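A.B. asks: Okay, predicted coordinates and the sequence, questions at the end:
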Amino acid sequence: MHASKTPEVPLPGQESVWDYPRPPRVEPSNERVRIVLGGELVLDTTDSLRVLETSHPPVYYFRRQDFRPGSLIPADGSSFCEFKGPASYLTVVGGGIAAERAAWFYPEPMAGYEELADRVAVYPGKMDDCEVDGERVRPQAGGFYGGWITHRVAGPFKGGPGTMGW
C-alpha cells in the first residue's frame, strides 16, 4: 500500500509541509506551547524553535531550562540524523508518570544546526496533552518522527504506512 504524496492545497493561513526545505530549516517561534504529562504542566513557554523539513509537520525544540525542574531524565539509546547529527534521549516525568524516551536532543549538533544545542524536542504522542497557541496537537504518525500537527499545516505527512520512501 502506498500513501499518496500529492500535496493538499493549503487553506488561507496554512503552510504546506511540501514547501518546507530539505535539508531542514530552523526558525524561531513565539507561539505559546504547553505540555502536560500525568496531569502536571511540564512546559509552558513562548520560546521555541521549529524545525521544518519537506513532508514533515514541524518539530518544536525548547530550552532545557524551560521544563519543570526534574522533568527531564537521561534515557538509554541514541539515533542519528543525517542533517543534525547524533541524538540522545530523555525520559519525561510529570504527575508520577515517566514517559520513557519521550524527548530527544542533539548534544553537539552538526554545522548549520548549532542553535539546537541545549534544546529538547518532545514526542507529542507520548504526552497527555501538547498545545500550540491553545490548539491541541495531533502527533505525526509512526513511532520515529516527532512532528506536531496543528491547523497551521497542510499535508499529507510522512510517517504513516506507505510513506517510508517519501
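C.D. replies: Received it, and whenever you're ready, just let me know what you need.
A.B. asks: which residues of this structure score low on pLDDT?
C.D. replies: Within the chain, the stretches with pLDDT under 70 are 1-2.
A.B. asks: mind listing the helices for it?
C.D. replies: Per DSSP state H, the chain carries no helices over any range.
A.B. asks: beta partners of residue 43?
C.D. replies: For residue 43, the beta-bridge partners are residue 35, residue 67 (DSSP bridges).
A.B. asks: I'd guessed residue 109 sits against residue 87; true?
C.D. replies: No - the pair residue 109 / residue 87 is not scored as a contact, 9.3 Å apart, by CB atoms under 8 Å. Every C-beta, even on glycine, is put in place using the N, C-alpha and C of the backbone.
A.B. asks: Between these two, which has more neighbouring residues?
C.D. replies: More crowded of residue 109 and residue 87, by other CB atoms under 10 Å: residue 109, with 21 against 17.
A.B. asks: Now do the contacts for residue 137.
C.D. replies: Contacts for residue 137 (CB atoms under 8 Å, 6 or more residues apart in numbering) come out as 124, 130, 131, 148, 149, 150.
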